[in-house]
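Student: This is a predicted model, with the sequence first.
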Amino acid sequence: MPIPAIQWYPGHIAKAERQLQEQVKKVDVVLEVRDARIPFATYHPLLATWIGNKHKLLIVNRVDAIPPTVRELWAEWFVSQGEQPFFANAQQGTGVAAISKAAQSVGVAINQKRKERGMLPRPVRAVVIGFPNVGKSALINRLLNKRVVESARRAGVTKSLRWVRISDRLELLDAPGIIPGRLDDQAAAVKLAICDDIGEAGYDRQRISAALIELCQELGYVAGFEDRYGSIPTTLSGEEYLHQLANEKYRGDLERTSHLILNDFRTGVLGSIPLELPPKSNS
C-alpha cells in the first residue's frame, strides 16, 4: 500500500491567501520569514508573483536552532543568489533591530517622493509573509516591544489579517501562515511536519519521527540522540531505531516515543540541528 501523501491546507489559509494578494498591492515592503532549519522548504513558490517589484527583506528566523557554521554557509549562499538575509531569533529579539531599520529605510525613499509631490509623509507599510509557525507573530511582537498578536509554537494560530501600527514610521500587516494548496514536494512536506510548520492533522507522527532520525543520520547530527536517549541511530533505519527506543525506554509505546523525539528536536533538546544545507559551490 502506498504511503499517504502529506497534505494540509485548512480553510482559513485559503481565505487569507486571497485577502493577502489584495493587501500586498497596498504595501511598500514585504518581510518574508523562513525557518532557519529548512530555508528551502519554507519558500513559497508563488511569493515572487505576488510581490512583483516591491522591496523584500528575507528574514531567516530561528537562527538559534542551527549551528553558527551553518548560518555562515547560508549567509554566503543567499548573497551568491543576490539576496541579503537577515538572521533572527524573534522569540529572543536577536536581529530584530536590523530588520526594523531596513524596513524603515524603505520609507525614507517613499516619503522623499511624496514630499516632492507636495504630499505629507506616512509610515512605511510592510507585510509579514511566511509559512505557518515560522515566527511571524513573534517578530511583530518584538518589533513593537510588546505582545500585540497571539504567538505560539504551533501552526495555524493566526487566522486573519490585521494591521499593526509599530511607530509613526512603520505599519505591519500580520497575516496567517501561507502554504501551497498542494504539497507536491513530499520531501519538503516531511521537513515542514518535522519542524511543526504544518498542522498535526496533516501527517502521521511515527512516520515523521522516523524521517527525522534518518535526516539526522544523513546530515551527521546524531550526537544529541546519545546524550538524550543513550544510543545513536547509526546502522538502524529510522523506523527500526524508533521501535528499539520505544521497547527499551517506553514499554513499546511508539506514539509516545514519536512525540518525545519530535518535541525534543523542536525544543532544541537534541541540539542545534539543520535539516537543510545550501548547495555546494561548483567552484
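Tutor: Done, it's in.

Student: what about Pro278, distance to Leu183?
Tutor: Between Pro278 and Leu183 the distance is 22 Å, computed by CB to CB, to the nearest Å. Heads up, the C-betas are built off the backbone N, CA and C, glycines and all.

Student: Please say which of those two ends up with more neighbours.
Tutor: With neighbours defined as other CB atoms under 10 Å, Pro278 and Leu183 compare such that Leu183 has more, 21 against 17.

Student: residues touching the residue nearest to the more buried one when sequence neighbours are not counted, list them.
Tutor: What sits nearest to Leu183 in space, not counting adjacent residues and going by CB to CB, 6 or more residues apart in numbering, is Ala189, at 4.0 Å. The neighbourhood of Ala189, defined by CB atoms under 8 Å, 6 or more residues apart in numbering, consists of Ala5, Ile6, Gln7, Ala41, Leu183, Ile198, Tyr203.

Student: Could you do Leu172 as well?
Tutor: Taking CB under 8 Å, 6+ apart as the criterion, Leu172 is in contact with Leu31, Ala126, Val127, Val128, Ile140, Leu143, Trp163, Val164, Ile166.

Student: burial measure for Leu58, as a count.
Tutor: Here the count is done by other CB under 10 Å, and Leu58 has 18 residues near it.

Student: Name the SS class of it, please.
Tutor: With DSSP: H, G, I helix; E, B strand; the rest coil as the basis, Leu58 sits in strand.

Student: who's in contact with it?
Tutor: So Leu58 contacts Glu32, Arg34, Phe78, Glu83, Gln84, Pro85, Phe86 (CB under 8 Å, 6+ apart).

Student: again, but for His243
Tutor: With CB under 8 Å, 6+ apart, His243 has these contacts: Leu254.

Student: What separation do you get for it and Trp50?
Tutor: From His243 to Trp50 the distance is 44 Å (CB to CB).

Student: Over to Pro180?
Tutor: 12 Å.

Student: What of Leu245?
Tutor: Distance from Leu245 to Trp50, by CB to CB: 43 Å.

Student: ok, those two, which is more surrounded?
Tutor: More neighbours surround Leu245 than the other of Leu245 and Trp50, with 23 against 17 (other CB under 10 Å).

Student: Pretty sure the more buried one sits against Gly230.
Tutor: No - using CB atoms under 8 Å, Leu245 is not in contact with Gly230, being 9.2 Å away.

Student: For the stretch 151-283 of the chain, which residues score under the pLDDT cut-off?
Tutor: Along the stretch 151-283 of the chain, the parts satisfying pLDDT under 70 run over 151-160, 281-283.

Student: if you set the cut-off to 90 instead, what comes out?
Tutor: 151-184, 198-202, 231-235, 280-283 (pLDDT under 90).

Student: where do the helices sit along it?
Tutor: Ranges of helices in the stretch 151-283 of the chain, per DSSP state H, counting those that start in this stretch, are 186-194, 205-219, 223-229, 238-249, 254-266.

Student: gap between the nearest residue to Ile198 once chain neighbours are set aside and Lys15?
Tutor: Ranked by CB to CB, 6+ apart and with sequence neighbours excluded, the top spatial neighbour of Ile198 is Trp8, at 4.3 Å. Trp8 is 15 Å from Lys15, where distance means CB to CB.

Student: Please say which of the two ends up with more neighbours.
Tutor: Higher neighbour count among Trp8 and Lys15: Trp8, with 20 against 14, using other CB under 10 Å.

Student: who's in contact with the more buried one?
Tutor: Contacts of Trp8 by CB under 8 Å, 6+ apart are Ala155, Ile179, Leu183, Ile198, Gly199, Ala201, Gly202, Tyr203.

Student: Tell me if I'm right that the fifth one and Tyr9 touch.
Tutor: No - in this structure, Gly199 is not within contact of Tyr9 by CB under 8 Å, at 9.6 Å.

Student: Comparing those two, which shows the higher neighbour count?
Tutor: Gly199 (19 against 16).

Student: ok, that one to Leu58 distance?
Tutor: From Gly199 to Leu58 the distance is 25 Å (CB to CB).

Student: before we move on, what about Ile110?
Tutor: Counting by CB to CB - Ile110 and Leu58 are separated by 20 Å.

Student: just Gln81 next, same as before
Tutor: Gln81 is 10 Å from Leu58, where distance means CB to CB.
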